[in-house]
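Colleague: predicted coordinates and the sequence they were generated for:
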Protein chains: 4
Amino acid sequence: MIIYYSGMRYKDKNKNEAIFQATIQLLNEIGFSEISMSKIAKRAQVSPGTIYVYFENKEDMLRKLFLNVEQKISSSMFQGLHHPLPVKARFELVMSNFIEFTINHKDEFLFFEQFCNSPLIDNVYPVDSNSMFEPLYKLIEEGKEQKLLKDYDTMLLLVLIYAPVTELAKQYFREEFEFNDKNVKDLIQASWDAIRA
Amino acid sequence: MIIYYSGMRYKDKNKNEAIFQATIQLLNEIGFSEISMSKIAKRAQVSPGTIYVYFENKEDMLRKLFLNVEQKISSSMFQGLHHPLPVKARFELVMSNFIEFTINHKDEFLFFEQFCNSPLIDNVYPVDSNSMFEPLYKLIEEGKEQKLLKDYDTMLLLVLIYAPVTELAKQYFREEFEFNDKNVKDLIQASWDAIRA
Amino acid sequence: MIIYYSGMRYKDKNKNEAIFQATIQLLNEIGFSEISMSKIAKRAQVSPGTIYVYFENKEDMLRKLFLNVEQKISSSMFQGLHHPLPVKARFELVMSNFIEFTINHKDEFLFFEQFCNSPLIDNVYPVDSNSMFEPLYKLIEEGKEQKLLKDYDTMLLLVLIYAPVTELAKQYFREEFEFNDKNVKDLIQASWDAIRA
Amino acid sequence: MIIYYSGMRYKDKNKNEAIFQATIQLLNEIGFSEISMSKIAKRAQVSPGTIYVYFENKEDMLRKLFLNVEQKISSSMFQGLHHPLPVKARFELVMSNFIEFTINHKDEFLFFEQFCNSPLIDNVYPVDSNSMFEPLYKLIEEGKEQKLLKDYDTMLLLVLIYAPVTELAKQYFREEFEFNDKNVKDLIQASWDAIRA
DNA sequence: GATGAATGAGAGTTCATTCAT
DNA sequence: CATGAATGAACTCTCATTCAT
């Protein structure tokens, strides 16, 4: 589908998305060492040349894909986060949002983790790599001010609550952990125990 | 060290190690997508052909390197772990061993994380991927039996204590977190709070 | 000749043929043990990568080249073969067609012989390797029915007439035999004597 | 087995032969394009270095192997050839010797044919390539003097009798022709008919 | 915008050969 | 004599990218 917009001709959103999806899938199937523009093109059912209509080069495409996925994760994670709610309620909401996103978006999530653990991430964030968790960071600082949370380094507290989620998600996709209701509740409880004063 | 027997020239342990070190360094510098056997050979100061004297192919080399690093991490982590010690003391020992290893073996650790988050890991462990943490798994089960720890899924408790360590180590190498004495103490304390009954 | 359709750049028949000719020439000059895709590309004045636009791999290229040459030989051999002609006349026509083709297409012929005598031929014909001579086979059977030819195994009679031609052609190219009018006439006569009743 | 000979230490005949046999087998299995010194060494159960004790290089080894096989064929072919026998009897003896050798020495024969049809043959015989058939050549000339054979070019007559044998042998090994007693008799008869006056 | 033929560079791997033992 | 580790060149093939259409 091509959208015309006040005299301007827009690129086909579907092709862009098809390229993104093909890349995410292939990266999870064969990894960075084996992926190639031709394979991506074949999977996305476009010509190799077409990718260069949408992106400057391979690096540019991967960077834009990463930022796109990061945006999706971030907006899902903080969905429905109204300030009036007390700190603990907001913590629980963010945690369930995050868990829900990961288990429902396997490909995006695993791509994100693979990318973050590779040196490619250095080309994306020359300065700061945790802007995605900014609202959560703020929430923890608020909790510390209210003496609800431990007076530890904020980054330490931040990691204590998100690292287990991502790690358990990976175990879940390897079928070595089950994300049933009890486990979700337990995870949120234990995470709270880790950081509460 | 080269060992000679009659009529043979034996494989050089140093060459094997040089190839491993070159691979680890390059993977952390440029990643899986940019690494190549020629670059590894150049960094290790051997001929490209020489790598194939020691390993069947690229995949075989990476797999053997991974298992080698995993062995190093595992043996460091459980160093000095005598059974007579109480559960909490053993927990604290394992945690500090683990933290100490990661911050003192940047290259090995980051390679390990990158590898674990790539699809290559699937070729290494067709069945079970947490054998490295087996003694820690057992320790948690013992703690659960003694009612010291929460009666949660053991994998959940396991992840709650190791995931923050690896994540903070990565932040540390990005200079976004400091591993001073207080932070180490706090991390161990918070992890214990997360899992204790 | 390059044919363009809208929005596409089409494959160039000349490039395909240039690759075939370069391969035939090089195989006759240096043989299977020394030939390489790079050498072929250089001789054909294309990039090494270009060969892989036209063929899947080396084996595929050689197989297609072989079938192409076989087709040429076969169609030359049976050119002008009208059924109304008596058996002997048809025999003589096929023989002179065959002789003429071989001495006028040195490269194709020598490539064909080299290929047929290598194990590569097994990958081309999994079942039957004499389809090229099918019409000649039929002609011999007709001659046997008319009691013109010996009542021997048809394959035996077939080989008796084509094997000397190919062998003499090779001697001719080594300048150890001359294909003058007398020798051609003698060869055809002797071959007829071999098979006639 | 190592043979010591008046103060000189001889090379191991078995190793030499093992290298020859390995080469012949591999050439028939995978051909000149795929063969390599390492593969030959592995098949012969010797070290790659050992081949260079016996031969100067690959080309030297192949040339010596070819001459060795040619010698075997030639001596088998003219075995029991006493001059007192009449021309036709000698012809028949040579033919049966030749047929018998080919069908009983598949590997040597197919290697010989493959080698003769490749440009490698040019490096072996810079001048004359039919010395192997010298006695047969002489026999034909004798037959021509006795007016028993056609007064054709001797090379032509020579080829008329040996080319069908080699070609049928190849068909035999592809299981497309049967070398039973009748066919052998028929082949010899037809060959005689081809050349007799 | 979209195509895919075309490319030279470089990928992983094997090569013939050497030589210290 | 025999070994096999070691090598750099060369192998087959794929790469990211370009560009005429």
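Modeller: On my side now, so go ahead.
Colleague: hang on, isn't residue A:96 packed against residue A:184?
Modeller: Yes. The pair residue A:96 and residue A:184 qualifies as a contact (Cβ atoms under 8 Å) at a distance of 6.9 Å. Using the backbone N, CA and C atoms, a C-beta is placed for each residue, glycine as well.
Colleague: neighbour-wise, which of those two wins?
Modeller: Remark: of residue A:96 and residue A:184, residue A:184 carries more neighbours, 18 against 15, as counted by other Cβ atoms under 10 Å in any protein chain shown.
Colleague: the closest residue to that one other than its chain neighbours: what's it in contact with?
Modeller: Distances taken as Cβ to Cβ, 6 or more residues apart in numbering or on different chains place residue A:99 nearest to residue A:184, at 5.9 Å, with adjacent residues excluded. With contact taken as Cβ atoms under 8 Å, 6 or more residues apart in numbering or on different chains, residue A:99 is in contact with A:165, A:169, A:179, A:184, A:187.
Colleague: so how far is residue B:191 from residue A:94?
Modeller: For residue A:94, the distance to residue B:191 equals 20 Å [Cβ to Cβ, to the nearest Å].
Colleague: show me whatever sits in contact with both of residue A:96 and residue A:184.
Modeller: With Cβ under 8 Å, 6+ apart as the test, residue A:96 and residue A:184 reach no residue in common.
Colleague: so residue A:136 is in contact with residue A:160, correct?
Modeller: No. Contact criterion Cβ under 8 Å: residue A:136 and residue A:160 do not qualify, at 11.5 Å.
Colleague: how about the closest residue to chain C within chain A, phi and psi?
Modeller: Per Cβ to the nearest Cβ, residue A:47 is where chain A lies closest to chain C, at 9.5 Å. Per-residue torsions, residue A:47: phi -80, psi 150 (degrees, to the nearest 10).
Colleague: not counting sequence-adjacent ones, nearest residue to it?
Modeller: Residue A:47 sits nearest to residue A:41 (Cβ to Cβ, 6+ apart), 6.1 Å away.
Colleague: tell me which residues in the host helix or strand of the residue nearest to residue A:184 are buried?
Modeller: Secondary structure from DSSP states H and E places residue A:99 in helix A:87-104. By neighbour count on 16 or more other Cβ atoms under 10 Å in any protein chain shown, the buried set for helix A:87-104 is A:87, A:90-95, A:97-99, A:101-103.
Colleague: next, format the residues you listed as TSV and append pLDDT.
Modeller: Putting the buried residues of helix A:87-104 into TSV (pLDDT from 0 to 100) gives the following:
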residue	pLDDT
A:87	95
A:90	96
A:91	96
A:92	96
A:93	96
A:94	96
A:95	97
A:97	96
A:98	97
A:99	97
A:101	97
A:102	97
A:103	96
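Colleague: low-confidence ranges, chain A, go.
Modeller: For chain A, the stretches flagged by pLDDT under 70 are A:1-11, A:126-130.
Colleague: strands along that one, start to end?
Modeller: According to DSSP state E, chain A carries its strands in the segments A:4-5, A:8-9.
Colleague: quick one: residue A:26 and residue A:50, what's the gap?
Modeller: 16 Å.
Colleague: the more surrounded of these two?
Modeller: residue A:26 (21 against 16).
Colleague: could you find the closest non-adjacent residue to that one?
Modeller: residue A:35 (5.2 Å).
Colleague: might you report the residue contacts of the one you found?
Modeller: Applying Cβ under 8 Å, 6+ apart, the residues near residue A:35 are A:23, A:26, A:27, B:33.
Colleague: can you get me a residue count around the third one?
Modeller: I take that to be residue A:27. 23.
Colleague: from what I can see it touches residue A:112, true?
Modeller: No. With contact defined as Cβ under 8 Å, residue A:27 does not count as touching residue A:112 (10.3 Å).
Colleague: ok, the residue in chain A positioned nearest to DNA strand E - how many residues close by?
Modeller: Residue nearest to DNA strand E within chain A: residue A:49 (1.7 Å; Cβ to the nearest atom of the strand). Neighbour count for residue A:49, taken as other Cβ under 10 Å: 9.
Colleague: for residue D:63, see how far away it is.
Modeller: From residue A:49 to residue D:63 the distance is 51 Å (Cβ to Cβ).
Colleague: equivalent analysis for residue A:140, please.
Modeller: 81 Å.
Colleague: run a quick neighbour tally on residue A:122.
Modeller: Residue A:122 - counted by other Cβ under 10 Å - has 12 other residues nearby.
Colleague: go on, the one 10 residues further on?
Modeller: By the other Cβ under 10 Å criterion, the neighbourhood of residue A:132 contains 19 residues.
Colleague: count of residues packed around the residue lying closest to it once chain neighbours are set aside?
Modeller: With sequence-adjacent residues excluded and distances taken as Cβ to Cβ, 6+ apart, residue A:132 is closest to residue A:74, at 4.8 Å. Around residue A:74 there are 17 other residues, counting by other Cβ under 10 Å.
Colleague: please verify my assumption that residue A:58 contacts residue A:37.
Modeller: Yes. The pair residue A:58 and residue A:37 qualifies as a contact (Cβ under 8 Å) at a distance of 6.0 Å.
Colleague: list the contacts for residue A:28?
Modeller: By Cβ under 8 Å, 6+ apart, the neighbours of residue A:28 are A:106, A:107, A:110, A:111, A:114, B:119.
Colleague: and residue A:112, by the same measure?
Modeller: A:66, A:69, A:70, A:73.
Colleague: the first one: neighbour count?
Modeller: The reference is to residue A:66. Around residue A:66 there are 19 residues (other Cβ under 10 Å).
Colleague: then the last one?
Modeller: For residue A:73, the count of nearby residues is 19 (other Cβ under 10 Å).
Colleague: among residue A:136 and residue A:160, which residue is more densely surrounded?
Modeller: Set side by side, residue A:136 and residue A:160 give different neighbour counts by other Cβ under 10 Å, the larger being at residue A:160 (29 against 24).
Colleague: does the more buried one touch residue A:190 like I think?
Modeller: No. Counting by Cβ under 8 Å, residue A:190 is not a contact partner of residue A:160; they are 9.9 Å apart.
Colleague: which residues are common contacts for these two?
Modeller: With Cβ under 8 Å, 6+ apart as the test, residue A:160 and residue A:190 both reach residue B:194.
Colleague: test my guess that residue A:102 contacts residue A:167.
Modeller: No. Residue A:102 lies out of contact with residue A:167 (Cβ under 8 Å); the separation is 10.5 Å.
Colleague: distance check, residue A:169 against residue A:103.
Modeller: Taken as Cβ to Cβ, the span from residue A:169 to residue A:103 is 6 Å.
Colleague: what's the overlap in contacts for these two?
Modeller: residue A:179.
Colleague: domain assignment for chain A?
Modeller: Here the domain parsing of chain A from automatic domain parsing is A:1-54, A:65-195.
Colleague: winner for burial among those?
Modeller: domain A:65-195 (a mean of 17; mean count of other Cβ atoms under 10 Å in any protein chain shown).
Colleague: ranges for the helices of chain A?
Modeller: A:13-30, A:37-44, A:48-54, A:58-77, A:87-104, A:106-116, A:121-124, A:134-145, A:154-173, A:181-195 (DSSP state H).
Colleague: what about the fourth one, near DNA strand E?
Modeller: No. If you take Cβ under 7 Å from any atom of the strand as the test, helix A:58-77 misses DNA strand E, and the best it gets is 12.5 Å.
Colleague: how far off helix A:154-173 does that helix point, in degrees?
Modeller: Put simply, helix A:58-77 runs at 100 degrees to helix A:154-173, going by axes from the mean of the first three to the mean of the last three Cα atoms, to 10 degrees.
Colleague: equivalent analysis for the last one, please.
Modeller: Compare the direction of helix A:181-195 with that of helix A:154-173 by the same axes, to 10 degrees and you get 160 degrees.
Colleague: pull the residues that contact stretch A:80-91.
Modeller: Counting by Cβ under 8 Å, 6+ apart, A:93-94, A:97, A:135, A:139, A:142-143, A:146, A:148-149, A:161, A:188, A:192 sit against stretch A:80-91.
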